[in-house]
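Trainee: Whatever this is, show me its structure:
(chains A and B)
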Amino acid sequence: MNKSIMIVGVGGQGTLLASRILGSALLDCGYDVKVSEVHGMSQRGGSVVTYVRYGENVASPIIEKGEADIILAFEQLEAARWIEYLKPDGKIIVNTQQIDPMPVVMGAAEYPEGIINALKAAGADVEEIDALPMAVEAGTSKAVNVVLIGAMAKNMAVVSKEKWIDALKASVPPKFLELNLKAFEMGYNI
Amino acid sequence: MKLFLGNEAVARGLYEAGCRVVSSYPGTPSTEVTEFAATYDEIFSEWAPNEKVACEVAFGASVAGARSFCAMKHVGLNVAADPLFTASYTGVNAGMVILVADDPGMHSSQNEQDSRHYAMGSKTMMLEPSDSAECLDFTKRAFDLSEKFDTPVIIRLTTRVAHSRSTAPVSERVDSGLKEYTKNPQKYVMVPANAKVKHVVVEQRILDQTAYCEKEAVENGLNKVEYNSKKIGVITSGICYQYAKEALGENASYLKLGCVYPLPVQLIKDFAAQCEKIYVLEELDDYIETHCRKNGIEVIGKEAFTLQGEYSQSLISKVILGKESESLKTDVNIVPRPPVLCAGCPHRGLFYALKQLNVTVSGDIGCYTLGSAQPLGMIDTVLCMGASVSALHGRNAANPENAKKSVAVIGDSTFIHSGVTGLINIAYNATDSVVIILDNSITGMTGHQQNPTTGKNIKGEPANAVSLEKLANAVGIETVIVVDPYNLSETKEGIKKALETDGPAVVISRRPCALLKTVKHNPPLKVNPEKCKSCKMCMKIGCPAISMKDGKAHIDFTQCLGCKVCSQLCKFDAIEE
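Mentor: This next block holds a predicted model:
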């Protein structure tokens, strides 16, 4: 049976890197893998989503409503936006960071409250993570994505920790490796 | 093994096929093909000023005997359509391949056009891969077919093929060297006498290619027939094949068309005769469906699906099998998150100045199109690349009074692409138009490509840089004013002066893109809550780093790049370093 993982967030948060690391770690474990990315305009601070699918033989690179086994959400509102894509028995890992969308910045809308509880009430298996302070502690707020990859790794026993770290090493510049390994461990050891 | 982005796999195919010259203009979702091609030293790669130039470069290289290539997004093929239609007549010397990437669902485009019509219109063979392995394989086949049939060959991708990753087997490069060029005006000089002869050749070529698609293409796997359950027959191509396989698996039989122009007739008839119910699965227009109907083949197509947006496995599953997945629901009010100008974007200050001047803005294609979004809301029209300049001239020709309160905004790369011709028109046909060139030293929206104004080529090596000031002077624009959009009063005064000047004027709003790695940022700014009076002036520029927290303005330190545009708006000096 093919498995489907969605990574959702705000353009600029590093969701693309996360999906690439996940994709190459899964490939390294012998799975057929397809990853679908979004480039271009929506990357400019918009809502972004990438899909990772793996199994014996994967045809479609995309994921539709009710099909995701795991959603890794880099931001709360984005978790709520994409929750319909989760299988009723799926798991959603949510970074509790909040990034105001432009209608909220302008005062035309309120950032919704109680998102985590609403996700739980909908029946989702929710894991909350406050990744931003961990990333800052690891060395930079930009490492939020790697903290979250660590949290994801812990939830995916099909890939050994070594394979995750190999994929991470292959994807980040050597001078930032130490920082990123620290961020990964923080997410992994929550 | 590794995962190849579809576009990366095309580039690998170029390398393996012995391609020697690549010329393209960036455009989502096609851009990465040429970026990856430029990583191979064996290939002469370049960013051309626009798609027409790129296509003509590829033509010239082909005639000179080099396998050649150009890539563009769907709307780029509109620009390159002129060389395409006649290159179809001349044919090639060495193989020539044109890649066009369509964007169903408009992830990053201004329309949803279906480029398959261009293959039919220009009578040019078109292949459509469905994953990265086929991207690589079909690219190599395209060169062989180009030489076999003496024609350019188009490869059509859609966003989900171009921007998905899957495995692709690689092999060594085969470079058969430059083919000899022999002067042959009957073939390469398209004057009416020669073109009349060539048109006959083109029509015969389509018949030959159709025969190839009926038989040889099936034998070599370009067109594929897969029989499973014959209750449902699916005729499809590209990404829809993958969606259909995911949704229907072995509950359906498939005719997968790797070549979408020309389309076979007998092959489709034979397949249809074997299956009880035939569905055509294709995004955008009813292109294959119309072909089937024209040939008396009964199919179900757009009446059950859609002409808009993307297909998916769930759409196919719902329509054909009547199955829908269960999904979770919440009562959370999902606030939209549209794309915005980045924190620190130099365009923000420029648009704020335009807002203060209350002008009508003729817009163009690039990151700055986001200046149309609230709270700036400062763009009145967006049509296509370069149209800001020509349309402003039209507006001012319609009523010269407009010239005092209208401007065009266009990026450096878009200006070179096709804005400069409009500026020549303004100077020549004399309207008092004010054109603002947003010079951020890069092609931004497509992900930072060099262009003829940046002083670097595709490999980042030093290159000639067009001087926008001198170019404007040379075409006859005497008034050229340069402003720094981080300085709000300077920017406003500069534009005001240009509007008040008699005759046409160019304003260059110059400040490099804040996301460029070479740009040094200031430390993030902070709001002093003691001084903040909650007037929300700083929020009028729509910076994503600024929001209200506990009744006071708040700056997100993870986003702020310290551009200080907001602090120029604060009357209480509450925004501090």
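Trainee: quick check: mean pLDDT across stretch B:155-175?
Mentor: Averaged over stretch B:155-175, pLDDT sits at 97.
Trainee: Just the helices from the stretch 101-250 of chain B, written as ranges.
Mentor: Counting by DSSP state H, counting those that start in this stretch, the stretch 101-250 of chain B has helices at residues B:116-122, B:132-149, B:159-162, B:185-188, B:192-214, B:216-219, B:239-248.
Trainee: hey, which of those is tucked in deepest?
Mentor: Counting by mean count of other CB atoms under 10 Å in any protein chain shown, helix B:159-162 has the highest mean neighbour count of the helices of the stretch 101-250 of chain B, with a mean of 30. C-beta: built from backbone N, CA, C; applies to glycine.
Trainee: Please work out which residues outside that one touch it.
Mentor: A:36, A:61-62, B:5-7, B:29-30, B:32-33, B:101-105, B:107, B:129-132, B:135, B:238-239, B:310 (CB atoms under 8 Å, 6 or more residues apart in numbering or on different chains).
Trainee: give me that answer again for 7 Å
Mentor: Outside of helix B:159-162, the residues that reach it under the criterion CB atoms under 7 Å, 6 or more residues apart in numbering or on different chains are A:36, A:61-62, B:6-7, B:29-30, B:101, B:103-105, B:107, B:129-131, B:135, B:238-239.
Trainee: Drop anything exposed from these.
Mentor: A:36, A:61-62, B:6-7, B:29-30, B:101, B:103-105, B:107, B:129-131, B:135, B:238-239 (16 or more other CB atoms under 10 Å in any protein chain shown).
Trainee: List phi and psi for residue A:116.
Mentor: Dihedral pair for residue A:116: phi -60, psi -40, per degrees, to the nearest 10.
Trainee: how near is it to residue A:100?
Mentor: Separation of residue A:116 from residue A:100 (CB to CB, to the nearest Å) stands at 17 Å.
Trainee: Counting neighbours around each, name which of these two comes out higher.
Mentor: Comparing residue A:116 with residue A:100 by neighbour count (other CB atoms under 10 Å in any protein chain shown), the higher total belongs to residue A:100, at 23 against 17.
Trainee: Tell me the secondary structure at the nearest residue to the more buried one once chain neighbours are set aside.
Mentor: The shortest distance from residue A:100 to any residue other than its chain neighbours is 4.4 Å, reached at residue B:547 (CB to CB, 6 or more residues apart in numbering or on different chains). At residue B:547 the chain is in strand, as set by DSSP: H, G, I helix; E, B strand; the rest coil.
Trainee: Show me what residue of the stretch 401-550 of chain B gets nearest to chain A.
Mentor: Residue nearest to chain A within the stretch 401-550 of chain B: residue B:547 (4.4 Å; CB to the nearest CB).
Trainee: what's the neighbour count on that residue?
Mentor: By other CB under 10 Å, the residues close to residue B:547 number 21.
Trainee: So it sits against residue A:103, correct?
Mentor: No: look at residue B:547 against residue A:103 with CB atoms under 7 Å: they stay out of range, at 11.2 Å.
Trainee: does any bit of stretch B:435-452 sit next to chain A?
Mentor: Yes: contact between stretch B:435-452 and chain A is present through B:445-447 (criterion: CB under 7 Å from any CB of the partner chain).
Trainee: Name the residues of the helix or strand residue B:469 falls within that are buried.
Mentor: Here residue B:469 is covered by helix B:468-475, with elements defined by DSSP states H and E. Of all the residues in helix B:468-475, those buried under the rule 16+ other CB under 10 Å are B:468-469, B:471-472, B:475.
Trainee: With pLDDT added, can I get the residues you listed in JSON lines?
Mentor: Below are the buried residues of helix B:468-475 laid out as JSON lines (pLDDT from 0 to 100):
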{"residue": "B:468", "pLDDT": "98"}
{"residue": "B:469", "pLDDT": "98"}
{"residue": "B:471", "pLDDT": "98"}
{"residue": "B:472", "pLDDT": "98"}
{"residue": "B:475", "pLDDT": "98"}
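Trainee: wait, which of those residues is closest to residue B:511?
Mentor: Using CB to CB, residue B:468 comes nearest to residue B:511 of the buried residues of helix B:468-475, at 13.6 Å.
Trainee: Residue B:490 versus that closest one, what's the distance?
Mentor: Residue B:468 sits 18 Å away from residue B:490, going by CB to CB.
Trainee: Equivalent analysis for residue B:296, please.
Mentor: 69 Å.
Trainee: again with residue B:105
Mentor: Distance, residue B:105 to residue B:490, by CB to CB: 41 Å.
Trainee: can you check residue B:567 too?
Mentor: Note on residue B:567: its distance to residue B:490, by CB to CB, is 15 Å.
Trainee: Could you do residue B:207 as well?
Mentor: 65 Å.
Trainee: How about residue B:6?
Mentor: To residue B:490, residue B:6 is 45 Å away according to CB to CB.
Trainee: now residue B:92
Mentor: Residue B:92 sits 53 Å away from residue B:490, going by CB to CB.
Trainee: And for residue B:396?
Mentor: Using CB to CB, residue B:396 is found at 25 Å from residue B:490.
Trainee: which of those two has more neighbours?
Mentor: Neighbour totals were compared for residue B:396 and residue B:490, and residue B:396 leads with 23 against 16 (other CB under 10 Å).
Trainee: residues contacting the more buried one?
Mentor: Residues near residue B:396 by CB under 7 Å, 6+ apart: B:402-403, B:406, B:431-433.
Trainee: Which helix or strand contains it?
Mentor: Counting by DSSP H and E, residue B:396 is found in helix B:387-398.
Trainee: Show me which residues of that helix are buried.
Mentor: For helix B:387-398, the neighbour count (16+ other CB under 10 Å) marks B:387-393, B:395-397 as buried.
Trainee: and if you look at stretch B:160-179?
Mentor: Buried residues in stretch B:160-179 (16+ other CB under 10 Å): B:160-168, B:179.
Trainee: Just the CA trace of the helix or strand of chain A with the lowest mean pLDDT, in PDB.
Mentor: Lowest by mean pLDDT, DSSP states H and E among the helices and strands of chain A is helix A:102-105, with a mean of 90. The C-alpha coordinates for helix A:102-105 follow below in PDB (Å, rounded to 0.1, in the frame of the first residue of the first chain):
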ATOM      1  CA  MET A 102      -2.100  39.400   4.900                       C
ATOM      2  CA  PRO A 103      -5.800  39.700   5.700                       C
ATOM      3  CA  VAL A 104      -4.900  39.500   9.400                       C
ATOM      4  CA  VAL A 105      -2.000  41.900   9.000                       C
END
